[in-house]
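1. With the sequence up front, the predicted model follows.
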Amino acid sequence: MAFQELLNQVGSLGRFQILQMTFLLICSSLIYSHFLVENFTAAIPSHRCWVPILDNDTVSDNDSGILSHDAHLRISIPLDSNLRPEKCRRFIRLQWHLLHLNGSFSNVTVPDTEPCMEGWVYDRSTFISTTVTEWDLVCASQSMNSVAKFAFVIGGLIGHILGGYLSDRWLSESARWLIMTNKPQKGLEELRKAAHMNGMRSSGDRLTMEVVRTTMKNELEAARTKLSPRDLYRMPNLRKRICLMSLVRFVMWLSITGLMVHLQHLSNNIFLLQCLFGIVSIPANVAGNCLLNYMDRRIGQLLLMFLYGFSILATLFIPQEMQTLRIISATLGGAFCSAASTVNFVHANELYPTMIRATALGIISVAGSIGAALAPLFMILTTYSASLPWIIYGVLPILGGLLVLLLPETRNQSLPDSIEDVENE
């Protein structure tokens, strides 16, 4: 690989590269925290229908002071299949006879109940206020909570599109990209800058335009042809790589976002689960990078995406009463998805030639953002089955892992510098 020879002269991994990665990590940490905050700002607290005998401050002591709160609740709100107060319905009339059933519960016909006509009462012991309590996004309006999350995450899609045009304001441009886009003088300046920051000033000063042009001669000749994004799909191997990786990124981020913004559905202690996710993410990413040294890109992704998918499915079938086991399973899922993302990002960067890498990765990122934006909408399916969205979130990464096998292996392979390198493989 021609450019690697130039990079070795200025320091392939030194202070310059470390500073660039540090800046990117800071930006990424600020971005992803906004996605995770949805677990708290859009949390759904326990709720029930508002009923006059319990919640009307004007009710007299003679009307409500004799019976306990639980007794009033029993005669005002029907019980669900788990013998807990219904969240979305109440009795049309007070059912006084239920006080004399000694714990048994007689079936109540549909005409005896009605929706929450006068609003809801929320448990504010954990969350004083959320978007759900402010706008009553429960029961018949519960799907609007998913729509609100969709509107929030769609900003990530817009950001991926706009970010490509704004990124050069903040980071040094890639010397490889500058050279391949017929800007060798600027590319030489960036190489010298990197050499100086890496403590290799003498090596940088020895770099000349003649050295750059001679080393990158073949790649520069191939880069003279200007290509549009539409042209990328006219080349069989390149089209295959972009389409397959876009599909993998789509299903991966659909599942990961579905997990990350719906932690409340996995555990009663959302604060503990969120902390555990944060704790395991760093070692999981380190483990993902270490895995790259010992395992092929395809097999690594396949293994991690399988483990992630099965962790989600396992959490689904663990009873709610076994909270510790559910938290462990969900935390493992969070670790596996972090590691899988790391391997996927590396694999995607190694698949495409320099001159169109930014365009190809932009297309793939947009596909991932579309998947992330659609993830909250799948929770609308809970109106049919509470398990259905989680089955989808668990099965999709397994299918994505299988799709990775259709892509070429890039471990210990030279990065392609031109489209011809891809098409002639």
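-> Sure thing, it's come through. None of these values were measured; they are calculated from a predicted model.
2. for the strand or helix carrying Asn237, packing partners?
-> In the assignment (DSSP states H and E), Asn237 maps to helix 236-260. With contacts taken as 3 or more C-beta pairs under 8 Å, 6 or more residues apart in numbering; DSSP states H and E, helix 236-260 sits against helix 15-36, helix 229-232, helix 297-317, helix 323-351, helix 354-374, helix 388-404, helix 419-423. Heads up, the C-betas are built off the backbone N, CA and C, glycines and all.
3. Can you give me the buried ones in it?
-> 237-238, 241-242, 244-260 (16 or more other C-beta atoms under 10 Å).
4. for stretch 405-423, same thing?
-> Neighbour counts over stretch 405-423 (16+ other C-beta under 10 Å) mark 407-408, 410-411, 415-419, 421-422 as buried.
5. what distance separates that stretch from the centre of its chain?
-> 27 Å (C-alpha atoms, centre = their mean, to the nearest Å).
6. picking up where we left off before, among the helices and strands packed on helix 236-260, show the one with the smallest mean pLDDT.
-> Lowest mean pLDDT of those: helix 229-232, a mean of 70.
7. who are the neighbours in contact with the residue nearest the centre of the chain?
-> In the chain, the centroid-proximal residue (C-alpha atoms, centre = their mean) is Thr257; its distance is 3.1 Å. Counting by C-beta atoms under 8 Å, 6 or more residues apart in numbering, Thr257 makes contact with 35, 153, 371-372, 375-376.
8. Rounded mean pLDDT for stretch 285-295, please.
-> Mean predicted confidence for stretch 285-295 is 87.
9. how's this structure carved up into domains?
-> 36-42+145-172+228-423, 47-122 (automatic domain parsing).
10. how about the helices of the stretch 51-200 of the chain, start to end?
-> 52-55, 61-64, 69-76, 131-135, 143-166, 175-180, 184-197 (DSSP state H, counting those that start in this stretch).
11. Could you single out the most deeply buried of these?
-> Mean neighbour count (mean count of other C-beta atoms under 10 Å) peaks for helix 175-180 among these, with a mean of 23.
12. Tell me, how many residues neighbour Tyr384?
-> The tally of other residues near Tyr384 (other C-beta atoms under 10 Å) stands at 9.
13. nope, Glu321 is what I was after
-> As a burial measure, Glu321 scores 7 neighbours (other C-beta under 10 Å).
14. before we move on, what about Gly333?
-> So Gly333, with other C-beta under 10 Å, has 28 neighbours.
15. What sits closest to it if chain neighbours are left out?
-> Nearest residue to Gly333, sequence neighbours excluded (C-beta to C-beta, 6 or more residues apart in numbering): Ser311, at 3.4 Å.
16. Now do the same contact list for that neighbour.
-> 329-330, 332-333, 336, 394.
17. and the two most separated of these?
-> Leu332 and Gly394 (12.8 Å; C-beta to C-beta).
18. Which one's more surrounded, the two?
-> Gly394 (23 against 20).
19. before we move on, the earlier item: so after the helix holding Asn237, what's the next helix or strand?
-> Criterion used, DSSP H and E; the element after helix 236-260 is helix 270-294.
20. Run the angle between that following helix and helix 323-351 for me.
-> Interaxial angle, helix 270-294 versus helix 323-351 (axes from the mean of the first three to the mean of the last three C-alpha atoms, to 10 degrees): 40 degrees.
21. Against which helices or strands is helix 270-294 packed?
-> Against helix 270-294 (3+ C-beta pairs under 8 Å, 6+ apart) you get helix 38-41, helix 297-317, helix 323-351.
22. from memory Ala373 sits against Gly159, does it?
-> No: counting by C-beta atoms under 8 Å, Ala373 stays clear of Gly159, with 11.2 Å between them.
23. Select, out of the helices of the stretch 51-200 of the chain, the one closest to Met355.
-> Per C-beta to C-beta, nearest to Met355 of the helices of the stretch 51-200 of the chain: helix 175-180, 4.3 Å.
24. Leu238 reaches Val422, doesn't it?
-> Yes: between Leu238 and Val422 there is a contact under C-beta under 8 Å: 5.3 Å.
25. Can you tell me what sits against stretch 336-344?
-> Counting by C-beta under 8 Å, 6+ apart, 248-249, 252, 255-256, 259, 280-281, 284-285, 287-289, 291-292, 297, 300-301, 304-305, 307-308, 311, 397 sit against stretch 336-344.
26. before we move on, the earlier item: got the buried residues of stretch 405-423 as JSON lines, with distance to Trp120 columns?
-> Listed next are the buried residues of stretch 405-423 as JSON lines, based on distance: C-beta to C-beta, whole Å:
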{"residue": "Leu407", "distance to Trp120": "49"}
{"residue": "Pro408", "distance to Trp120": "55"}
{"residue": "Thr410", "distance to Trp120": "54"}
{"residue": "Arg411", "distance to Trp120": "55"}
{"residue": "Leu415", "distance to Trp120": "57"}
{"residue": "Pro416", "distance to Trp120": "58"}
{"residue": "Asp417", "distance to Trp120": "61"}
{"residue": "Ser418", "distance to Trp120": "62"}
{"residue": "Ile419", "distance to Trp120": "59"}
{"residue": "Asp421", "distance to Trp120": "61"}
{"residue": "Val422", "distance to Trp120": "57"}
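27. ok, so of these, who is nearest Leu99?
-> Leu407 (66.4 Å).
28. if I look at the closest one, how far off is Ala372?
-> For Leu407, the distance to Ala372 (C-beta to C-beta, to the nearest Å) stands at 21 Å.
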